[in-house]
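Asker: Just a sequence and a predicted model for now, questions to come.
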Amino acid sequence: MADCSLPPPSLFLALPGEPPVPWSHWISSFETYILAADLEEVLDGRKRALLLHCLGAEGQRVFGTLGTATKYTEAVELLKTHFAAPQSALLRRIIFRRRHQHSDTGATVSLLNLVTCTRFFSHESMGPPSTTLRGYANSEIDIVGSLQLPVSYGEKTLPAFRFHVARHGTNLLGLDLFNGLGFTLLDTTGSEIHAVATPWQQQWPALFSGVGCLETFTHQPLLDPTVTPVIQPLRRSPLALRDDISAELQRMLDDDIIEQGYLQVPLHTDSRNLTAFITHKGVFRYKCMGFGLSSAPSCFQKIMASIFAGIPGVAIYLDDIVVHGATAESHDEHLHSVFSAMAKHHLTLNGEKCIFAAPSFVGFRLLADGTYPLLSNTEAIHRLPEPTSATQVACFLGMTAYYLRFLPHYSAMTAPLRKLLKQDEPWLWSPACSDAVRLLKSQRAS
């Protein structure tokens, strides 16, 4: 027998505005009430009416705008769809960036659909399917057979090229056909796309594993004897994080970082005590340079310049190494020299951050005859509206100055704009300023 003496949950939405509790919490409380009050077996219409009653006046008004739901389960689903909290854009962005992205290398094989084969090649004998193929979403492609057909382009002829025949879908020319005909792939800017033909990470596995540590260099920071040392007290850590902290300390001990550091440069034995820090597990010190050491960047830059001195086609800024070449062969030769130098000095690389044969870098297109601005960046500059404040002028000048080398007489062109950025200069947009903006946009390099 139903026990209606139990009080129902508080009204979900009595007044306009946001519900005081999330829908998922409230509906869980309501279903618990239904179970406790022995109302599960009552007529569906009564359960629906009880649900609407507990929604409150504003909740009932909202429900009336959602459509028709004559059954209890339909009403719950409608309300869930409307009131369920959407996943925040920030959370969706974090989840997306944590996913492993794979480069689109193009289709490896060529496909013809069954309609095309029946219409144009019905006189050809179709062989059995030779392999299992999957699409970009890892969905299996329904392959019904294969065809051996002659293909010609210009002076190049393939007497018996294999097409896989799919039951559905569009016709697709794959990389096997492009390579067979000797095609050169170009991107949307007309630049040649270079495929990485050599598996560098397989040839140099030691460079892409573990934490490196230089053996021919040490760093000993200079100290100011007039400065009184400061002992940092133990930073209290929450009990819930103790296990994670202990695991990280053990990892650093196992990797020989505490007692190797992120810059892979050993500290001089006389300087290691300067890096001591206190934990709930005791006192530890670094054996290699760690984060925060003020002399670390200049020291590391000097060491890197020394290691790669004499190798052509290499530009270094701290731990970023750019290797370039006019041809694929020279690029590979330079890269091989860089890897040899790194292996000699026991340096390692983060494979996930390495990009090989990149057609562009930090806003520039890399071509055989030189570097050029990325078209997307110059088009973005061209689309900028005319500045209306000193802040917007500074932003515009910052974007155009990035391509200073491609803009002759830049200083003279920007003089009217730079005048607006002076501290005591009143804001006065003049025709000369408009002319300067138009001139900078018109001289953007292609």
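Answerer: Right, received. Where do you want to start? Every value quoted in this text rests on a predicted model; they were computed, and no experiment measured them. Numbering: from 1, shown residues only.
Asker: State the mean pLDDT of the helix or strand in which Ser376 is found.
Answerer: Here Ser376, judged by DSSP states H and E, is contained in helix 375-383. Mean per-residue pLDDT for helix 375-383: 84.
Asker: swap in stretch 128-141?
Answerer: 78.
Asker: and it, how far apart are its ends?
Answerer: Stretch 128-141 has an end-to-end distance of 15 Å (CA to CA, to the nearest Å).
Asker: contacting residues for Thr388?
Answerer: Trp429 (CB atoms under 8 Å, 6 or more residues apart in numbering). For glycine as for every other residue, the C-beta is placed from the backbone atoms N, C-alpha and C.
Asker: Would you mark the buried spots in stretch 431-444?
Answerer: Along stretch 431-444, these residues count as buried under the neighbour rule (16 or more other CB atoms under 10 Å): 433, 436-437, 440, 444.
Asker: I'd like those residues as TSV, with pLDDT appended.
Answerer: As requested, these are exported to TSV (pLDDT from 0 to 100):
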residue	pLDDT
Cys433	93
Ala436	92
Val437	92
Leu440	89
Arg444	61
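Asker: Tell me which of these fall in helices.
Answerer: Among these, DSSP state H puts 433, 436-437, 440 in helices.
Asker: Which of the residues you listed sits closest to Gln264?
Answerer: Leu440 (43.0 Å; CB to CB).
Asker: What is the neighbour count of Ile422?
Answerer: One correction, residue 422 is Lys, not Ile. 9 (other CB atoms under 10 Å).
Asker: Which helix or strand contains it?
Answerer: Judged by DSSP H and E, Lys422 forms part of no helix or strand.
Asker: Show me what secondary structure element comes after the helix holding Ser376.
Answerer: Going down the chain from helix 375-383, the next helix or strand is helix 390-401, by DSSP H and E.
Asker: Flag every buried residue along that next one.
Answerer: For helix 390-401, a neighbour-count test (16+ other CB under 10 Å) marks 393, 396-397, 399-400 as buried.
Asker: could you check the angle helix 375-383 makes with that helix?
Answerer: Angle, helix 390-401 to helix 375-383, by axes from the mean of the first three to the mean of the last three CA atoms, to 10 degrees: 140 degrees.
Asker: could I get the one helix or strand Ser246 maps to in PDB with only the CA atoms?
Answerer: Taking DSSP H and E as the criterion, Ser246 maps to helix 242-254. What follows is helix 242-254 as a C-alpha-only set of coordinates in PDB (Å, rounded to 0.1, in the frame of the first residue of the first chain):
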ATOM      1  CA  ARG A 242      51.100  12.400   0.000                       C
ATOM      2  CA  ASP A 243      51.000   9.200  -2.100                       C
ATOM      3  CA  ASP A 244      51.300  11.200  -5.300                       C
ATOM      4  CA  ILE A 245      54.200  13.300  -4.000                       C
ATOM      5  CA  SER A 246      56.000  10.100  -2.700                       C
ATOM      6  CA  ALA A 247      55.500   8.500  -6.100                       C
ATOM      7  CA  GLU A 248      57.000  11.500  -7.900                       C
ATOM      8  CA  LEU A 249      59.900  11.600  -5.500                       C
ATOM      9  CA  GLN A 250      60.600   8.000  -6.100                       C
ATOM     10  CA  ARG A 251      60.500   8.500  -9.900                       C
ATOM     11  CA  MET A 252      63.000  11.300  -9.600                       C
ATOM     12  CA  LEU A 253      65.200   9.100  -7.400                       C
ATOM     13  CA  ASP A 254      65.000   6.200  -9.900                       C
END
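Asker: tell me the average confidence for it?
Answerer: Computed over helix 242-254, the average pLDDT equals 73.
Asker: My guess is Met304 contacts Val314. True?
Answerer: No. Assessed by CB atoms under 8 Å, Met304 is found out of contact with Val314, at 9.7 Å.
Asker: Give me the common contacts of the two.
Answerer: Residues touching both Met304 and Val314 by CB under 8 Å, 6+ apart: Ile321.
Asker: Would you mind telling me which of those two has the busier surroundings?
Answerer: The residue with more neighbours, out of Met304 and Val314, is Met304; 22 against 19, by other CB under 10 Å.
Asker: so how far is Ser330 from that one?
Answerer: For Met304, the distance to Ser330 equals 21 Å [CB to CB, to the nearest Å].
Asker: Please apply the same query to Arg236.
Answerer: The spacing between Arg236 and Ser330, counted by CB to CB, is 57 Å.
Asker: More neighbours: which of the two?
Answerer: Per other CB under 10 Å, whichever of Arg236 and Ser330 has more neighbours is Ser330, with 14 against 7.
Asker: ok, and what's touching the helix or strand containing the more buried one?
Answerer: If you go by DSSP H and E, Ser330 is part of helix 328-344. Applying CB under 8 Å, 6+ apart, the contact partners of helix 328-344 are 194, 197-198, 200, 204, 206-207, 212, 307-308, 311-314, 321, 323-325, 348-349, 356-357.
Asker: Inside helices: which ones of these?
Answerer: Within the contacts of helix 328-344, residues falling in helices by DSSP H are 200, 307.
Asker: For the stretch 101-250 of the chain, just list every one of the strands.
Answerer: 111-113, 133-134, 140-141, 143-153, 156-166 (DSSP state E, counting those that start in this stretch).
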